[in-house]
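Asks: what shape does this take:
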Amino acid sequence: MDKKVVRLQNVSHRCIVCGIHNEASFKTQFAECADGTLIGVPDVKDHHQSYPNRMHGGVISALIDEVVGRAVQIAEPDTWGVTGTLSVRYIRPVPLDRQIYVTGKITRCNRLMFEGEGGVYLAATGELLASGTAKYMKLPVGEIADAVFMHTEWVKDERPLPDIAAFKEPQN
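Replies: Sure, this is the predicted structure:
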């Protein structure tokens, strides 16, 4: 995948998608790319299962919601979104024993709202497993979380950059 990573986004301690101290979390790293795409690299575990070796549809939608909702921060780092609508299309089972990645990008943005699209892909082949679109209302972080959260829970991701160069280009 020919993506130039610009920076890693912050993570939180307890989020179900990126929480580095949440045992149930995907501990997802989010890499902002120069082309305006956000790539998430989740650490998939057995407890994300529904049927044997298949990721639960609800957690698939959580991954898409998070990556699209965060994509706005590439252009507007202080903007946070609250999900208004989310539509997910499940194409193929998402396996638990193979590396996946998620992508998000903004397709429409104005002063009050933004829209975007995202996908879940097999890292080795670029095969699209699930896709989604979503709309968000923009809110300043102060209306979502307090200053304590911003200083103690919303932290720089100090882990090494994910190796997205090995991921195959998305196949739609």
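
Asks: got the contact list for the longest helix along the chain?
Replies: In the chain, assigned by DSSP state H, the helix with the most residues is helix 57-71. Helix 57-71 has contacts (Cβ atoms under 8 Å, 6 or more residues apart in numbering) with 9, 15-18, 26, 28, 30, 36-40, 42, 48, 50, 81, 83, 86, 88, 90, 94, 102-106, 116-120, 129-134, 136. C-beta: built from backbone N, CA, C; applies to glycine.

Asks: which strands or helices does the following helix or strand past it pack on?
Replies: The helix or strand immediately downstream of helix 57-71 is strand 79-90, counting by DSSP states H and E. Counting contacts by 3 or more Cβ pairs under 8 Å, 6 or more residues apart in numbering; DSSP states H and E, strand 79-90 packs against helix 57-71, strand 113-122, strand 128-140, helix 141-144.

Asks: for strand 79-90, which positions count as buried?
Replies: The neighbour-count check on strand 79-90 (16 or more other Cβ atoms under 10 Å) flags 80-81, 86, 88 as buried.

Asks: what lines up beside it in the sheet?
Replies: Sheet pairing of strand 79-90 (DSSP bridges) gives strand 128-140 (antiparallel).

Asks: now find how far off-centre the strand it pairs with is within its chain.
Replies: Distance, stretch centre to chain centre, for strand 128-140: 10 Å (Cα atoms, centre = their mean, to the nearest Å).

Asks: got it, and stretch 144-151?
Replies: On Cα atoms, centre = their mean, the centre of stretch 144-151 falls 21 Å from the chain's centre.

Asks: kindly format the C-alpha coordinates of that stretch as CSV.
Replies: What follows is stretch 144-151, C-alpha atoms only, in CSV (Å, rounded to 0.1, in the frame of the first residue of the first chain):
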residue,chain,number,x,y,z
ILE,A,144,-18.1,15.7,24.9
ALA,A,145,-15.5,15.4,27.6
ASP,A,146,-14.0,17.5,30.3
ALA,A,147,-10.5,18.9,30.6
VAL,A,148,-9.5,16.1,32.9
PHE,A,149,-10.2,13.6,30.1
MET,A,150,-8.1,15.7,27.6
HIS,A,151,-5.1,15.8,30.0
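
Asks: hmm, who's touching that stretch?
Replies: So stretch 144-151 is contacted by 12, 80, 82, 141, 153-154 (Cβ under 8 Å, 6+ apart).

Asks: also stretch 15-27?
Replies: Counting by Cβ under 8 Å, 6+ apart, 11-14, 28-30, 40, 42-45, 47-48, 59, 62-63, 66, 155, 157 sit against stretch 15-27.
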